[in-house]
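Enquirer: Need coordinates for the following:
(2 chains)
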Amino acid sequence: MSDAYDVIVVGGGPGGYVCAIRCAQLGLKTAVVERDRMGGICLNWGCIPTKALLRSSEIWHLMHRLNEFGFSADNFKFDIAKIVARSRAVSKQLSDGVSFLMKKHKITVIPGEAELTAKDKLSVTKDGKSADYTAKNIVLATGARARTLPGLEPDGKLIWTYREAMIPESFPKSLVVVGSGAIGIEFASFYRTLGAEVTVVEVLDRVLPVEDEEISAFAAKAFTKQGMKLKVGTQVTELKKGADNVTCTLKDKAGKTEQLTVDRVILAMGIVGNVENIGLEAAGIKVEKTHVVAGKYGETGVDGVWAIGDLVGAPWLAHKAMHEGVIVAEKIAGVKGVHPLNTSNVPGCTYCWPQVASVGLTEAAAKATGRKIKVGKFPFIGNGKAIALGEAEGLVKTVFDAETGELLGAHMIGAEVTELIQGYTIAKSGELTDQELAHTIFPHPTLSEMMHEAVLAADGAALHI
Amino acid sequence: MATNILMPALSPTMEEGKLAKWLVKEGDTVKSGDILAEIETDKATMEFEAVDEGKIGKILVPEGSEGVKVNAPIAVLLDEGEKADAVVDISAAMKDIKAAVKAEVAPKAEAKTEAPKAAAPAAPASGGGATPQTSKTDGARLFASPLARRIAATKGVDLSALSGSGPRGRIVKSDVENAKPGAAKPAAAGAPAAAAGGIPGVAPLPDARLLYPAGSYVETPHDSMRKAIAKRLTSAKTLIPHYYLTVDCNLDALMAAREKMNAAAPKGKDKVPAYKLSVNDFIIKASAMALMKHPDVNASWTDTAILRHKDADVGVAVALDFGLITPIIFKAQTKGLVEISAEVKSLAARAKEKKLKPSEYEGGGFSVSNLGMYGIKNFTSIINPPQSCIIAVGAGEQRAIVKDGKLDIGVVMTVTMSADHRVVDGGTGAKFLQTLKTFIEEPASMLL
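Expert: Residues are numbered from 1 along each chain as shown, chains lettered A, B, ... in the order given. Next up, the predicted model:
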């Protein structure tokens, strides 16, 4: 079967399906190739199902504080199977929703695995059968998968990646999480809150290493208080599988080793791009460190072939992929005034407890640019809404250029900060300075008032501290 | 306590001026009423008096500085015994002055109230002032991010000379960072580039210097008046929808009346007549009387309303060696020919010495421009905003005229009125000219 499209998007994840919708909106005849379920990792094995799991663990956490809020109950239990079932149902609902969106926008969904055979041709294989498709533009959005290292390979039973960690058949009593980025920490937080003994091993000097140092330290303190064990500056050198457990050999910076036997291990050491078997080499598309090298508008250097999302480069976040999808769609359609994505305006969120959210430069990175900066901080304990919610643990921090008032970065830890960060992101995108933020009225009583206070604090003018 | 002496506003619309000359020096003691400096605005040079007494601690703006923003500190006045740098942060003030002076090349700020804000020393808590460059051409809003504005102000980049790469052409940080400070628009490239650069799809005019070999011309930098003329007339001719009406007026009756009146002028001891009425004096009077009959012409446009003026304030274009100015005969409808004549002479003489006060040339409801004395037969003028109409008066000359079916000779003068179509429609303008023609041809009818 052969058919000519304006655009075929390879991969139905958040970057791919959003790109397809935008293409269809702009009047382009569009198809998406997906080998599994629409929505990609994000909807099926990432962002969304983990949020469903973490919601369950949050409720569990609150149940242990019933008395504080004036309730009493005893003998409450959780059923991991039901928690997982709910998470799967949430994924399915959203994945079906994306399929519906494809239909609504008259986008053809082609099931199978695609390979570039020419700059305007794809061969799609499904169940051993292949079909060729032609398109004026091909957008590669094949995403990424968990990174593995020699000796640290998942087996899907005792040694997990995010995928198995999301659908445990039984609840592990003890866990080692390798890697303390967003994925590792979210699972660590989920399992610890539900009562597992969790040890997080991080090769770098601190947990959540991409976050601001102060936020990292704050998080480490909170996690430790919750009973999580954090081993930073430490490597896992060996995983030895037992019948129903794994013995991990850990080596710290000083070379000291220790053995730790746990029920399960979760590997969260980053991701690698899905660059294999899609015909990149033959097409002459450059790949560096498992990622496609693309220009600021997703150009691959091969006319009519574009690349977006995790396949391309950091930050590896769904919303970054979606935005790139829109940029490429608009470039293809010839929309005027398309702007490239500014990575310093991409917010990052980690849904552990307490939540972490940030945008832009950390204090250290801002200092390293050599400019004069000013920093504002405001703690949750100074905020009425936080206290009323019983969530008085947290910090909001702003980093400004002292001379121009440019918001260089914002960093938050505490309840609901993942919902708040967009305020600072708007400020950064619109190039508002400290003055506009200082003159903005934030509603009372809300957690957002802390964002205002953290701006004022940069000039020593915070009001409630 | 030390206080800043601020650049005065010599008229309600003044935004900046040239500090032409200091009449005091650092260390001088001054008292209220002493003349401190001469300030040159677009059209006049005025003396600036001290309001308080004290000692001049520091002169912040050297004489000859152009484009000094109103309310920018120009000197520091000290109380007795105080040291020059005692209280006021001179360097901060200097920074503001520099910014204000740099901003001078920019077209005037959209909102007058922004100017003092820009020039005022930055409040330490808020860490910076607003930027003065807020408009592309007079009245047109300039879209720039707050951060771009701040960086432009510190770098001395003229935002109006940049094109924005942000959403809907908004000027963003990277546009300003890529611009060279001050180089965005050389001062001498001047008004045409700025005006044309501001209109989408219109290419800016090239710098004329690029088209002539170096040394083949004498370069005269613009003075305040030249800049004002360029700016105002470019705006007026670009933004006002002009249209033109031409009428011939027979001056036979007027010339006869004028001769009789001038002959009847009493003579003083030196045998100089008390007055000598010109044709132009009659035209001013006739214009004033016609304006009273046609208030729709004696009007000004605003974005939300038309302002109809109650008095006939008639501007008279006066050519100067160094430019031109249009002083105003206020309430000309109430004044006799002798009074008008004397006033025009006095205004013209003072204009030539740059001694007019802004209140003598700002406003008005109508203008008369007369090039008849140069033998010009007919021409068109550019409307002098905020007025809506101006008449261009040619020479009164003997022409063949047809009267009652017969060829005759008469003194005829051609008048061409430029009108702002937003305010004055064709029929309205024509009726006014008809009345004006009647008053000029039959001066006695003005008495009716």
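Enquirer: got the residues of the stretch 151-300 of chain B near chain A?
Expert: Taking CB under 8 Å from any CB of the partner chain as the contact definition, the stretch 151-300 of chain B meets chain A at B:151, B:154, B:165-169, B:172-173. For glycine as for every other residue, the C-beta is placed from the backbone atoms N, C-alpha and C.
Enquirer: and the residue in chain B positioned nearest to chain A, how many residues sit next to it?
Expert: In chain B, the residue that lies nearest chain A is B:S145 (3.3 Å; CB to the nearest CB). Neighbour count for B:S145, taken as other CB atoms under 10 Å in any protein chain shown: 24.
Enquirer: That one - nearest residue in space that isn't next to it in sequence?
Expert: Nearest non-adjacent residue to B:S145, counting by CB to CB, 6 or more residues apart in numbering or on different chains: A:E431, 3.3 Å away.
Enquirer: phi, psi of B:A312?
Expert: Main-chain dihedrals, B:A312, degrees, to the nearest 10: phi -90, psi 90.
Enquirer: before we move on, what about B:V344?
Expert: phi -60, psi -40.
Enquirer: Would you confirm that it contacts B:I328?
Expert: No. The criterion here is CB atoms under 8 Å, and B:V344 misses it with B:I328 at 10.4 Å.
Enquirer: tell me, what's touching the two both at once?
Expert: B:V316 (CB atoms under 8 Å, 6 or more residues apart in numbering or on different chains).
Enquirer: any idea which element residue 319 lies in?
Expert: Went with chain A since none was named. For A:H319, the host element (DSSP states H and E) is helix A:318-333.
Enquirer: wait, I meant chain B there
Expert: Counting by DSSP H and E, B:A319 is found in strand B:318-320.
Enquirer: helices or strands next to the one helix or strand A:C42 maps to in the packing?
Expert: A:C42 belongs to helix A:40-45 when assigned by DSSP H and E. Judged by 3 or more CB pairs under 8 Å, 6 or more residues apart in numbering or on different chains; DSSP states H and E, helix A:40-45 is in contact with helix A:14-25, helix A:80-104.
Enquirer: hey, C-alpha coordinates of it in CSV?
Expert: This file holds the C-alpha atoms of helix A:40-45, laid out as CSV (Å, rounded to 0.1, in the frame of the first residue of the first chain):
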residue,chain,number,x,y,z
GLY,A,40,4.3,6.9,24.0
ILE,A,41,6.3,6.4,27.2
CYS,A,42,4.9,9.6,28.7
LEU,A,43,1.3,8.4,28.7
ASN,A,44,1.9,4.7,29.0
TRP,A,45,5.1,4.2,31.0
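Enquirer: contacting residues for the nearest residue to A:G414 once chain neighbours are set aside?
Expert: Excluding its sequence neighbours, the residue lying closest to A:G414 (CB to CB, 6+ apart) is A:G394, at 1.9 Å. Neighbouring residues of A:G394 by CB under 8 Å, 6+ apart: A:218, A:354, A:379-380, A:386, A:412-415, A:417, A:450.
Enquirer: Please parse chain A into its domains.
Expert: Listed by automatic domain parsing, the domain ranges of chain A are A:4-146+A:272-333, A:159-269, A:354-457.
Enquirer: Count the residues that sit near residue 167.
Expert: Because you didn't say which chain, this covers chain A. A:I167 has 16 nearby residues by other CB under 10 Å.
Enquirer: my bad, the chain I had in mind was chain B
Expert: So B:P167, with other CB under 10 Å, has 13 neighbours.
Enquirer: show me the contacts for it.
Expert: A:337, A:339.
Enquirer: thinking again about what came up before, correct me if wrong, but the residue nearest to B:S145 is in a helix.
Expert: No. Counting by DSSP: H, G, I helix; E, B strand; the rest coil, A:E431 is located in no helix; its state is coil.
Enquirer: do you know how far it is from A:V335?
Expert: Distance, A:E431 to A:V335, using CB to CB, to the nearest Å: 22 Å.
Enquirer: the more surrounded of these two?
Expert: A:E431 (25 against 13).
Enquirer: Would you agree the more buried one is in contact with B:K173?
Expert: Yes. Using CB under 8 Å, A:E431 is in contact with B:K173, at 5.6 Å.
Enquirer: Thanks again, I'm all set now.
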